[in-house]
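Trainee: 3D, please:
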Amino acid sequence: MFYEYALEPSVLSNWERVRFFLDAFGPWKGRFLANYPRRWRRMVYEGLHCGDREKKRIEERLASLDERVFSPRAGAPYDGGKSWLENAKEEHSRISFRAIVAEGGCGEHVLDAAVVDEQNELWCVHSGGLLPREAATFVAMVTLLLRASTRIVLIDPHFRADQDDKTRPLVAFCRALAGERASLEVHVSDANRSYSKCMQDAARVLPRILPGGSKVLLRCRREKRGGPRLHNRYILTDVGGVQFGDGIEVGDTGHEDRLSILDEPSHARLWEQYLGASSFDEAGTPREFVGADSS
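Mentor: Numbers count the residues shown, from 1 in each chain. The predicted model follows:
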């Protein structure tokens, strides 16, 4: 669902290439552009040899590039004595990319920038699909999004800390974020269970099952008269988001759910509803729970 690509800086040698490739990246497209090496953008600038007008156009496009299209590569080595492609192949061996896009590239995970298109299996990305309702599968689909984010919000109106099928995905997300600085919060509705009951269950269960040191902020929300329904299930982050067709919970063997990437306008509107000038009231004071489980 979310994939990371390494793009050779010299590929962006003219406006048509820039428009094609940069328009293809973004969490709303399911493609992250690896910030590899960290001076990737500078390498693109330095490699431009087109006319002044076209060069200026490309520079403006690069300058306005949304930072959310990039995925971080913490600690990625880069040897200036080797070519970018040689470095990228070595980095792929350390932590794999979905594919490396290079000028004249060929190989199992290397795509030729001149001919890459949606017909290529490694370049084609689907915006959603049916998946087994398993915590590990949920995590695998959104790990890149989570690790690119600093604030992660699970919108699940029917979340219950006393039900294992609902807490197992939460625990799995926390484990995937181990060592990351991202904050994680869960928004639940008070329509069916009171704020006090919600927090009592959370206080009894969450510290025991969350990975040691993990922090989860639980917020109990209430619909406003004339406002939107607190009904659908989402993972919203400061970078992008996904929608669950049914619920963020595990199911029996054979059960499936549809997970879909949110387009940018929908993500922006939902972020504003839940995290901006909120369209929902707080049913009570949010509480943070810290995991004590060391297993």
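Trainee: where does pLDDT dip in this protein?
Mentor: Counting by pLDDT under 70, the chain contains low-confidence ranges at 293-295.
Trainee: which residues sit against the top helix by length along it?
Mentor: Ordering each helix of the chain by length in residues (DSSP state H) puts helix 195-209 first. Here helix 195-209 makes contact (CB atoms under 8 Å, 6 or more residues apart in numbering) with 160-162, 167, 171, 188, 190, 216, 218, 220, 283-284, 287, 289-293. Quick note: C-beta positions are derived from backbone N, CA and C, even for glycine.
Trainee: try it again at 7 Å.
Mentor: 160-162, 167, 171, 188, 216, 218, 220, 283-284, 287, 289-293 (CB atoms under 7 Å, 6 or more residues apart in numbering).
Trainee: just the buried residues from these, in PyMOL please.
Mentor: Typed into PyMOL, the line below selects the buried ones among the contacts of helix 195-209, using 16 or more other CB atoms under 10 Å:
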select buried, resi 160+161+167+171+188+216+218+220+283+284+287+289+291
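Trainee: restricted to strands, list the contacts of helix 195-209.
Mentor: Judged by DSSP state E, those include V188, V216, L218, C220, R287, F289, V290 as members of strands.
Trainee: from S183, how far out is A114?
Mentor: Separation of A114 from S183 (CB to CB, to the nearest Å): 43 Å.
Trainee: with R68 instead?
Mentor: According to CB to CB, R68 stands 17 Å off from S183.
Trainee: again, but for P157
Mentor: Separation of P157 from S183 (CB to CB): 20 Å.
Trainee: what residue is smack in the middle of the protein?
Mentor: Nearest to the mean C-alpha position of the chain, by CA atoms, centre = their mean, lies L145 at 1.3 Å.
Trainee: who's the closest spatial neighbour of that one, skipping the chain neighbours?
Mentor: Nearest residue to L145, sequence neighbours excluded (CB to CB, 6 or more residues apart in numbering): F2, at 5.1 Å.
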